[in-house]
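Peer 1: here is my input; please provide its structure:
(2 chains)
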Amino acid sequence: MLGILSIIVFLPVLMAIPTYILGKIKPKLARIVCIGTTTALFGLTMLTLVFYRYGSSTPAFQLVDTMPWAPSFGLNYIVGLDGISLPLLIISTFLSLLACAGSWDLINFQEPEYYALFLIFETGIIGVFSSLNLILFYVFWEIVLIPMFFFIGVWGGPRRRYAALKFLLFTYSASAVMLFGFLAVFAYTHTFDYISVNGSPTLMSQVSQMPMFIQLFASVTTFIGFAVKLPIVPFHTWLPDAHVEAPAPVSVLLAGLLLKMGGYGFIRYNLLLFSNAANTLWPYFAGIGLITMIYGATVALVQTDLKRMIAMTSINHMGFVLLGTFSRDIAGVSGAVFQMFNHALAIGILFLMSGYIHEHMGTRNINELGGLRGRMPLTATLLVFGSLAAMAIPGLSNFISEYLVIAGALTANPIFALAIIAPALTVGYFLWMLRRVVLTPATGPRNELHLHSLIILAAFLVPLFILGAYPGPMLDSIIRPTILRFLGGGP
Amino acid sequence: MRLRPAPYLGILGLLIALGSISWFILVNYQPTALGALRFDLFTYFFGGILIGTSTLVALASLGFTKGDPNEAPYYGLLLLSTLGMVILAASQDLVLLYVGWELMSVPTYALTAIKKRDVLSNEAAMKFFVLSAMSSALLVYAISLIYGMTGSTSLVDIRSILVNIAVSQPGVKPFGVIALVLFIVGFGVKMAVVPFHMWIPDAFEGAPSTISALLASGAKLAAFAAAFRVFIFGMGTFQVDWYSTFAILAIVTMTLGNVAALMQKSFTRLLAYSSIAQAGYLLIALAVTTPTNTLGLAGAIFHSLNYGILKTATFVAAAAIATKLPVTDLTSFNGLGKRMPQTAFGITILFLALAGVPPLNGFFSKAILFTGALNSPFSWGPYLAIAALLNSGFSMGYYGWVIKRMYLDDPADASRLPEPRSYTRILWLAVILTFAIGIYPQPWISLSQSAATSLLSIVS
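Peer 2: Okay, here's the model as predicted:
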């Protein structure tokens, strides 16, 4: 039976065809259909918040839709939501809406193709967060890849061809390794289903009966697949290129949503599914997370391109997700989920803003961008707020999630106190950037952004402020009960 | 307009054959054996794939053969070759299998050289002929050795006699091994197994693109069908470890195919090496299929269907491009997305499917094939699977490269080029099939699984 969640998953891809056809008649129609669809999707997501049942006595996965797809090969169409995927679903539809709105000013050629691919991308990303069958997950995982390749390659900056191909090869090879882990699991368990359909055995019960080396093997191969998306340090080189070349709304999608696929994969598969393997491997995974955080922060310090700096911040912040996940502590894992939600918003405003600033000022070089305080005062204010969010200043919800991650990591092992270096460095390079970009004297005429651009940018900050003041609805009602259920009161 | 009975009559014949196969599968399925021919689900399914690819080739050739004085012989030879392929898939007797092999091969020599005044086409035919004739000779030799050992040419008898032959007559075992090697080389030439692949890039580049499509899909898949029959059914009981031989051949073939494809500057040669790599994936089935593990074989049968569609259509796309641009040069692909939008879109979808991107058809057949390798009773099964998956990831290097050229690079001349209808029709048909099979693979998966089981059962 198909319910509201299936509609949310497939509505965008179905709307991609009319978007393309109408866009061919008049490019403006493509924008209107796209923004209409993304608005409708955000509305439907808010509706799931009504249908979702909160508390600890509810089933683990809710709003589940199942349908046999290719049962002879263990393929079933299963989608469902829990406290890990629901925040990511909300952020996916919210960010897609804002990125689509942000594309109005920043994308000005081949619009039918752009908006059609945009909607295909949205189906992929929502599908990744809601699918509960390994192969279905992989299908959506790969659907995300192809539109992103074209986004970077067609609408990107001067080195777009190189960046697009690099992105494709990195992530596609990693996906192949990940698929190997999935197929190895299937060879032993003969199922791909995360939850039971008609009383069939589930992965959860079967995986723990696999031989230990197969569990370790499956955990490591899938980890590689997710780690390239996150990205972790040795595999991160595609990210700065992709971000710098991608148009700003696409950077929002890339950093806000695509990176979250990796973080989600860590929690859903490496931590919860291959939990026996995680008991052995967690120090390595968490250690990689720590290195990624500190490396990302250090490299961001020396960037002169505003966008490249934000891209490096993103590596730093996603390291928190990895560290929090493999602290295997209730607070740490909850913090990791919440961090993904917050990071998507904070990085979204910064990337979109860098695109607008580039469009208006003609440069993104931090040393050339002086005096924003006088030239675009409102934009500069928003930039300060966005930076405060990225710095995790108390009052914004990023502080809560980073605090939870570090608290969880300390519970796991005191050595992870080193993690505190990363936020310290982050504050350093953001303040230095703000000093150079905002606080220097103005050297040119006033050049403020349009009102609608400012509204789009401000919209990113609203949830951060609300959840920063009162994180209860998200943290205690949605995320924490699920984590408690899966981790069973902590290790 | 001049009346052209030959092509339409040929296509009509192929469609009737395709229709009757569907009827046999869907309505009136009863495995039967008529002497040396065997009509089980494997025959029907493979027959359907082979006739289907020939139909695509015939439809795509409509524009190419227009006004050619050799039009009627062209379609006649195509049909004769198709008959040979179907006999190959259906025969359970080695003599008939050889007849089918020759019936398939001889017309393709003439078809490769159909452009009589073209030096490249003639060179290709010559190379193809010499190697193919050698492979036929080796097959005959292998068949005679097997006959000497078992006193029969029927695969059913061979299967039952070979069970005990290693114990009862240990002296003949070496001859059996020689026969196996000769079979591998003989079939390997047509299956594009490294190191017997040398003729492929030259032949595909020289032959008309539509005939390359026939060689790359139909002829190769028919050779695979015969190899499945001979190795998995006929010699499956012979107590010799030929499984690991095929595993090594599979890894070498797919790796060399993919690495060489990455270095090509010519589109048809790239397609040729990509078809060699795909042959490496199909070889996995020969390496891992045992009576208890037919998943790999099912995957290979399903992959044959997908490969047949995809490869035929990519060569048809090459033919469409060759009408205006030199396909031997990849730089002519720059900006093709704007110059020939339909062809470029078709190639993109087909390439993504060949690389194994879901939800297109190639992904599911590859996934089943590789799971078959993981499921195999052999200790090297997982290594074979990981080699195949890494190759699959690696293959995106050249598929993605071509897509990058078509959509991201700027052409030297951005003028719009005409796209012949006879080719774009086939491309759209293939794209629709690619999506349809990929989005709802269930009937095809269960059909392939039944076909794999039927291959291993004895029909009286």
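Peer 1: contact residues of chain B facing chain A?
Peer 2: Applying Cβ under 8 Å from any Cβ of the partner chain, we find that chain B lies next to chain A at B:352, B:355-359, B:363-364, B:367-368, B:370-371, B:374-375, B:382, B:385-386, B:389-390, B:392-394, B:396-397, B:400-401, B:403-404, B:407-409, B:440-442, B:445-446, B:449. In this view, the C-beta of every residue, glycine as well, is placed from N, C-alpha and C.
Peer 1: which stretches of the stretch 101-250 of chain B have low pLDDT?
Peer 2: Within the stretch 101-250 of chain B, no stretch has pLDDT under 70.
Peer 1: quick one: the helices in it, in order.
Peer 2: Ranges of helices within the stretch 101-250 of chain B are B:119-150, B:155-168, B:173-191, B:199-206, B:209-213, B:220-227, B:243-262, based on DSSP state H, counting those that start in this stretch.
Peer 1: go on, the stretch 251-400 of chain A?
Peer 2: Counting by DSSP H, counting those that start in this stretch, the helices of the stretch 251-400 of chain A are A:259-265, A:275-301, A:306-325, A:330-361, A:372-375, A:377-391, A:397-412.
Peer 1: hey, which of those helices is tucked in deepest?
Peer 2: Neighbour counts (mean count of other Cβ atoms under 10 Å in any protein chain shown) averaged over each of the helices of the stretch 251-400 of chain A peak at helix A:306-325, with a mean of 28.
Peer 1: and that helix, what does it pack against?
Peer 2: If you count contacts as 3 or more Cβ pairs under 8 Å, 6 or more residues apart in numbering or on different chains; DSSP states H and E, helix A:306-325 packs onto helix A:238-245, helix A:259-265, helix A:275-301, helix A:330-361, helix A:397-412, helix A:421-437.
Peer 1: flag every buried residue along the helix or strand hosting residue A:467.
Peer 2: Element membership for residue A:467 (DSSP states H and E) is helix A:451-469. Neighbour counts over helix A:451-469 (16 or more other Cβ atoms under 10 Å in any protein chain shown) mark A:453, A:454, A:456, A:457, A:459, A:460, A:461, A:463, A:464, A:467, A:468 as buried.
Peer 1: next one: stretch A:14-28
Peer 2: In stretch A:14-28, counting by 16+ other Cβ under 10 Å, buried: A:15, A:16, A:19, A:20, A:22, A:23, A:27.
Peer 1: just to revisit the earlier point, let me have the helices and strands packed on helix A:306-325 in a markdown table, adding distance to residue B:197 as columns.
Peer 2: A markdown table is the format used below for the helices and strands packed on helix A:306-325 (distance: least, Cβ to Cβ, whole Å):
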| stretch | distance to residue B:197 |
| --- | --- |
| helix A:238-245 | 33 |
| helix A:259-265 | 38 |
| helix A:275-301 | 41 |
| helix A:330-361 | 48 |
| helix A:397-412 | 54 |
| helix A:421-437 | 53 |
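Peer 1: next, the contact list for the residue of chain B found nearest chain A, please.
Peer 2: Closest contact between chain B and chain A, by Cβ to the nearest Cβ, is at residue B:393 (3.2 Å). Contacts were defined as Cβ atoms under 8 Å, 6 or more residues apart in numbering or on different chains; by that measure residue B:393 touches A:172, A:173, A:174, A:175, A:176, A:177.
Peer 1: ok, back up a step: tabulate the helices of the stretch 251-400 of chain A (CSV), appending mean pLDDT.
Peer 2: As requested, those are arranged in CSV below (pLDDT from 0 to 100):
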stretch, mean pLDDT
helix A:259-265, 94
helix A:275-301, 91
helix A:306-325, 92
helix A:330-361, 92
helix A:372-375, 84
helix A:377-391, 92
helix A:397-412, 92
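Peer 1: out of these, the one nearest residue B:72 is which?
Peer 2: helix A:259-265 (56.9 Å; Cβ to Cβ).
Peer 1: helices or strands up against that closest one?
Peer 2: Checking 3+ Cβ pairs under 8 Å, 6+ apart, helix A:259-265 ends up next to helix A:85-106, helix A:111-130, helix A:212-229, helix A:306-325, helix A:330-361.
Peer 1: any residues of chain A in contact with chain B? List them.
Peer 2: Checking chain A against chain B by Cβ under 8 Å from any Cβ, the hits are A:68-73, A:75, A:135, A:138-139, A:142-143, A:145-146, A:149-150, A:153-154, A:160-161, A:164-165, A:168-169, A:172-177, A:179-180, A:183-184, A:186-187.
Peer 1: let's see 6 Å
Peer 2: With Cβ under 6 Å from any Cβ of the partner chain as the criterion, chain A meets chain B at residues A:70, A:72-73, A:139, A:142, A:153, A:161, A:165, A:168, A:172-173, A:176, A:180, A:183-184, A:186-187.
Peer 1: so which of the residues you listed sit within strands?
Peer 2: The strands, defined by DSSP state E, take in residue A:70 from those.
Peer 1: can I get the buried ones among the residues of chain A next to chain B as something I can paste into PyMOL?
Peer 2: Buried members of the residues of chain A next to chain B, defined by 16+ other Cβ under 10 Å, are picked up in PyMOL with:
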select buried, chain A and resi 70+72+73+139+142+153+161+165+168+172+173+176+180+183+184+186+187
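Peer 1: deepest-packed of the helices of the stretch 101-250 of chain B, please.
Peer 2: helix B:209-213 (a mean of 30).
Peer 1: that one packs against which elements?
Peer 2: With contacts defined as 3 or more Cβ pairs under 6 Å, 6 or more residues apart in numbering or on different chains; DSSP states H and E, the packing partners of helix B:209-213 are helix B:41-64, helix B:295-322.
Peer 1: hey, which of those is tucked in deepest?
Peer 2: Mean neighbour counts for the helices and strands packed on helix B:209-213 (mean count of other Cβ under 10 Å) peak at helix B:295-322, with a mean of 28.
Peer 1: residues near the nearest residue to residue A:82 once chain neighbours are set aside, how many?
Peer 2: Among residues not flanking residue A:82 along the chain, residue A:482 sits closest, at 4.7 Å (Cβ to Cβ, 6 or more residues apart in numbering or on different chains). Look at residue A:482: counted by other Cβ atoms under 10 Å in any protein chain shown, it has 24 neighbours.
Peer 1: and residue A:482, what is it in contact with?
Peer 2: By Cβ atoms under 6 Å, 6 or more residues apart in numbering or on different chains, residue A:482 lies in contact with A:82, A:83, A:84.
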